[in-house]
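# Need the 3D shape of this:
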Amino acid sequence: LHHPEGAVKGVAPILLLSLLAGCSDTGSPGPDADAAGDADLDAEGEVDGDARLDGDEDLDQHGEDGEVDGEDGHGGDGDLDGEEEPPPAPLVAVYDDSMEPDGSAWAEGLALIEEALDGSGLDHARLSRSRLAGAPDPLDGFDAIVFGGGYAYPGYTMAIPPAAKALLIDFVERGGVLVGICAGAYFTCDFVEWEGETWGDESGYDLDLFSGTCRGPLATIASYPDFGVAEVVFGPHPALPAALTDGSPAAVWYAGGPWFDGGGPSVEVLASYSGEDLPEAGHPAIVTMPLGEGRVILFGPHPEVTGDPVPLESRATLGLLIAWAVEEA
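Predicted structure coming up:
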């Protein structure tokens, strides 16, 4: 848990508790947060002690390592009584390296992501690092892949080999959707500024799906590695309900994630941070951009985590935006 030029203080004890949440980079480029106490959020987003996930364990009618049971890959039986069969739900890979010695993914957060996908009617399966790095076509059959919170560095940036990163870029360019949440968002950035220090290719931030700089943490919302409640204002978008896009601030959980600086004219800001005393007010909190035939969606905060004062409706943004992006691709 050491960055080439200095680690974030206080990270190691949190890891020993196995209670990491959010979007971290361990050493610097984009840390996440401490789920201790805060991840146990009363209400719908509660994480309990049974949320341990074993590598590529099949959680949703899908086979080991993301292989899908059934002839058509989605469990359908074909045309029934001459009626047209509805199209299969998008199949989403949830990247999981949490069982690796140097894993970066926040295991409890992955379970919450899956709950959010279930709530939106999206199929999903875990995708391990070994499969991403070793299978001939590890993303075959998938429509989207999600990199959740945890630590961007080193498990995402350094442990995923260059050939696997090239596969991710090709997947998006051929029409796939890649979603990054907190640490997963830092992972996609050309540059990461963490507490005033900038990191780039030397720390594995060479995926470069977002060509600008991801800057964090937003200490006014929460001191890393703690959770806090951020306010964001959504702009109009065809995938989101009018109740979210009426210009009123919406509450969402935050844990060390970035705001998105630059990225070029193709970047669409879906939501911006808000708050009278927040230095980053007005800066992008959730963005999307096309890449080739596909699309990238990046979240600074955590849409998958709910609990007072954050309503379940905020979780719906994850599935709604994935479904929209898959249809658009």
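
# Which strands or helices does the longest helix along the chain pack on?
The residue-count maximum for a helix in the chain (DSSP state H) belongs to helix 312-328. Where contact means 3 or more Cβ pairs under 8 Å, 6 or more residues apart in numbering; DSSP states H and E, helix 312-328 is packed against helix 107-119, strand 144-147, strand 177-181, strand 250-254, strand 284-291, strand 294-299. For the C-beta atoms, the positions are set from N, CA and C on the backbone; glycine is no exception.

# Residues contacting the last one, please?
The reference is to strand 294-299. For strand 294-299, the surrounding residues in contact (Cβ atoms under 8 Å, 6 or more residues apart in numbering) are 171-182, 184-185, 188, 209-210, 257, 260, 270, 285-290, 318, 321-322, 325, 328-329.

# Now the helices and strands packed on helix 312-328 in JSON lines, please, with extra columns for mean pLDDT, mean neighbour count and distance to E100.
As requested, these are exported to JSON lines (pLDDT from 0 to 100; neighbours: other Cβ atoms under 10 Å; distance: least, Cβ to Cβ, whole Å):
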{"stretch": "helix 107-119", "mean pLDDT": "97", "mean neighbour count": "23", "distance to E100": "11"}
{"stretch": "strand 144-147", "mean pLDDT": "98", "mean neighbour count": "28", "distance to E100": "14"}
{"stretch": "strand 177-181", "mean pLDDT": "98", "mean neighbour count": "29", "distance to E100": "19"}
{"stretch": "strand 250-254", "mean pLDDT": "97", "mean neighbour count": "24", "distance to E100": "25"}
{"stretch": "strand 284-291", "mean pLDDT": "98", "mean neighbour count": "22", "distance to E100": "27"}
{"stretch": "strand 294-299", "mean pLDDT": "98", "mean neighbour count": "26", "distance to E100": "23"}
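
# if we can go back for a sec, in the longest helix of the chain, what counts as buried?
Judged by neighbour count using 16 or more other Cβ atoms under 10 Å, the buried positions of helix 312-328 are 314-326.

# could the residues you listed be laid out in CSV, adding pLDDT and distance to P301?
Below are those laid out as CSV (pLDDT from 0 to 100; distance: Cβ to Cβ, whole Å):
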residue, pLDDT, distance to P301
S314, 87, 9
R315, 92, 12
A316, 95, 14
T317, 97, 10
L318, 98, 11
G319, 97, 16
L320, 97, 16
L321, 98, 13
I322, 98, 16
A323, 98, 20
W324, 98, 19
A325, 98, 18
V326, 98, 22
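
# nearest to S130, of the helices and strands packed on helix 312-328?
Closest to S130 of those is strand 144-147 (Cβ to Cβ; 15.3 Å).

# Look up which residues are beta-bridged to I297.
Using DSSP bridges, the beta-bridge partners of I297 come out as V179, T288.

# let me redo that: G307
Here G307 sits in beta bridges with V310, going by DSSP bridges.

# Please work out how many residues are found near it.
Residues near G307, counting by other Cβ atoms under 10 Å, number 20.

# Check which residues of stretch 147-164 are buried.
Buried-residue list, stretch 147-164, by 16+ other Cβ under 10 Å: 147-157, 159-160, 164.

# which two of the buried residues of helix 312-328 lie the greatest distance from each other?
S314 and V326, at 20.6 Å, using Cβ to Cβ across those.

# Distance to S130 and secondary structure added to the buried residues of stretch 147-164, as a markdown table?
Formatted as a markdown table, those follow (distance: Cβ to Cβ, whole Å; DSSP: H, G, I helix; E, B strand; the rest coil):
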| residue | distance to S130 | secondary structure |
| --- | --- | --- |
| F147 | 16 | strand |
| G148 | 18 | coil |
| G149 | 21 | coil |
| G150 | 17 | strand |
| Y151 | 19 | strand |
| A152 | 20 | helix |
| Y153 | 20 | helix |
| P154 | 16 | helix |
| G155 | 13 | helix |
| Y156 | 15 | helix |
| T157 | 17 | coil |
| A159 | 11 | coil |
| I160 | 11 | coil |
| A164 | 10 | helix |
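
# Can you name the two of the residues you listed that sit furthest apart?
Using Cβ to Cβ, the two most remote members of the buried residues of stretch 147-164 are G149 and A164, lying 19.8 Å apart.

# dump the residue contacts of the residue most central in space within the chain.
Residue closest to the mean C-alpha point of the chain, counted by Cα atoms, centre = their mean, is I181 at 2.6 Å. Counting by Cβ under 8 Å, 6+ apart, I181 touches 23, 109, 113, 146-149, 257, 299, 302-304, 318.

# closest to E84 among those residues?
Closest approach to E84 among the contacts of I181 (Cβ to Cβ): L318, at 28.9 Å.

# pretty sure the closest one contacts H302?
No: proximity of L318 to H302 does not meet the contact threshold set by Cβ atoms under 8 Å, at 9.5 Å.

# Do a quick rundown of the helices in the protein.
For the chain, the helices defined by DSSP H cover 11-16, 107-119, 129-134, 162-173, 183-187, 312-328.

# would you turn those helices into a markdown table with distance to A242?
Output for these, formatted as a markdown table (distance: least, Cβ to Cβ, whole Å):
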| stretch | distance to A242 |
| --- | --- |
| helix 11-16 | 39 |
| helix 107-119 | 19 |
| helix 129-134 | 38 |
| helix 162-173 | 29 |
| helix 183-187 | 26 |
| helix 312-328 | 12 |
